[in-house]
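# build me a model:
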Amino acid sequence: MDEHALIKKVALSSAKKAGRILKEGMTRGLTISYKGDLNLVTQIDTLSEQTIVAEIRKHFKDHQILAEEGHNHASTSPYRWIIDPLDGTTNYAHRFPYFCVSIGVEFEGEIILGVIYDPVRQELFIAEKGKGATLNNKSIGVSPIKNLSESLLVTGFAYNVRTAKNNNLNHFSNFIKKAQAIRRMGSAALDLCYVACGRFEGFWELNLKPWDTAAGSLILTEAGGTVTDFSGNPFLIDHPETLASNGKIHSAMVGLLGKGQ
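Numbering: from 1, shown residues only. A predicted model of the protein is given here:
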């Protein structure tokens with residue numbers, strides 16, 4: 001088995017193991033602590049991350065790791081794993097069933113693999129660079145809708161929404177007047193997957209982290225979608241602006257985001 005095939009195998013097994021931890025943890029009492037006024041973490045976040053990192057380390061001792069809850073490792077390896085062990089922690093803490101495990105893998109700075117697993121619905125999204133995207137082993141593609149007025153959009157608000165001047169409320173107000181409807185679900189990784197498989201036409205959010213978007217951005221682009229910053233410039237996982245769409249409404253979304261500046 002070549003290295004890329006083994007990476008995919010490990011990513012899939014890690015996501016499924018972590019997903020089982022998340023699903024089982026829903027029935028237990030949660031220990032909740034806070035990293036900020038609104039940014040919380042549970043013991044399940046930590047256990048999920050430990051499980052994923054341990055699985056990676058069985059096979060790849062030198063690979064770099066960037067993980068939300070702090071299991072980080074830098075090295076000279078061209079490979080970097082970017083991990084969100086529980087995207088949608090606030091949802092999880094309230095038993096709202098919209099959360100996932102997200103694992104992205106970079107090679108020489110380019111995302112080559114994205115794996116996102118929703119253990120509640122048992123939906124497994126996978127993309128490999130240049131090979132398309134799948135949901136439970138079936139190819140997926142973005143929505144054919146071409147008009148913003150017919151589009152269902154999704155967004156989110158950063159944890160500093162109470163204090164930040166640039167808090168997305170202006171953009172929300174503009175889009176709600178132009179789109180068919182807007183949802184706020186609470187997991188950016190799943191939001192990107194839902195655009196990828198045509199459930200949403202577009203998504204935008206501010207101040208996301210690399211572990212929120214690394215896997216989902218590849219899944220979306222491999223499904224035929226477009227991801228950029230708010231001005232339509234090339235997307236970077238460490239950029240504070242994320243705009244994703246089916247491609248057909250992208251220019252309209254860029255235009256409306258420009259009016260909110």
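# from here on, just use CA atoms for contacts and neighbour counts.
Fine.
# check contacts around the closest residue to I176 other than its chain neighbours.
Residue nearest to I176 in three dimensions, not counting chain neighbours: I182, with 6.3 Å by Cα to Cα, 6 or more residues apart in numbering. Shown in contact with I182 (Cα atoms under 8 Å, 6 or more residues apart in numbering): L152, L153, V154, T155, F175, I176.
# I182 is in what secondary structure piece?
Using DSSP states H and E, I182 sits in strand 181-184.
# and that strand, which strands flank it?
strand 152-155 (parallel) (DSSP bridges).
# show me what secondary structure element comes after the partner strand.
Heading C-terminal from strand 152-155 (DSSP H and E), you reach helix 169-176.
# quick one: the helices in the chain?
3-25, 43-59, 89-93, 169-176, 188-196, 210-222, 250-259 (DSSP state H).
# for the second one, the distance to its chain's centre please.
Relative to the mean C-alpha coordinate of its chain, helix 43-59 is positioned 18 Å out (Cα atoms, centre = their mean, to the nearest Å).
# who are the packing partners of it?
For helix 43-59, the packing partners by 3 or more Cα pairs under 8 Å, 6 or more residues apart in numbering; DSSP states H and E come out as helix 3-25, strand 79-87.
# ranking those by burial, who's on top?
Mean neighbour count (mean count of other Cα atoms under 10 Å) peaks for strand 79-87 among the helices and strands packed on helix 43-59, with a mean of 27.
# how many neighbouring residues does A252 have?
15 (other Cα atoms under 10 Å).
# list the contacts of it.
L148.
# how far away is it from G258?
A252 is 10 Å from G258, where distance means Cα to Cα, to the nearest Å.
# same thing with E24?
44 Å.
# next: A74.
For A74 relative to G258 (Cα to Cα), the value is 37 Å.
# can you pull the contacts of the spatially most central residue of the chain?
In the chain, the centroid-proximal residue (Cα atoms, centre = their mean) is A189; its distance is 2.0 Å. Contact analysis of A189 by Cα under 8 Å, 6+ apart lists D87, C100, S102, I116, D212, T213, A215, G216.
# export those to CSV and tack on distance to K248 and pLDDT?
Shown next, in CSV, are the contacts of A189 (distance: Cα to Cα, whole Å; pLDDT from 0 to 100):
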residue, distance to K248, pLDDT
D87, 27, 97
C100, 27, 98
S102, 26, 98
I116, 24, 98
D212, 24, 97
T213, 21, 98
A215, 22, 98
G216, 19, 98
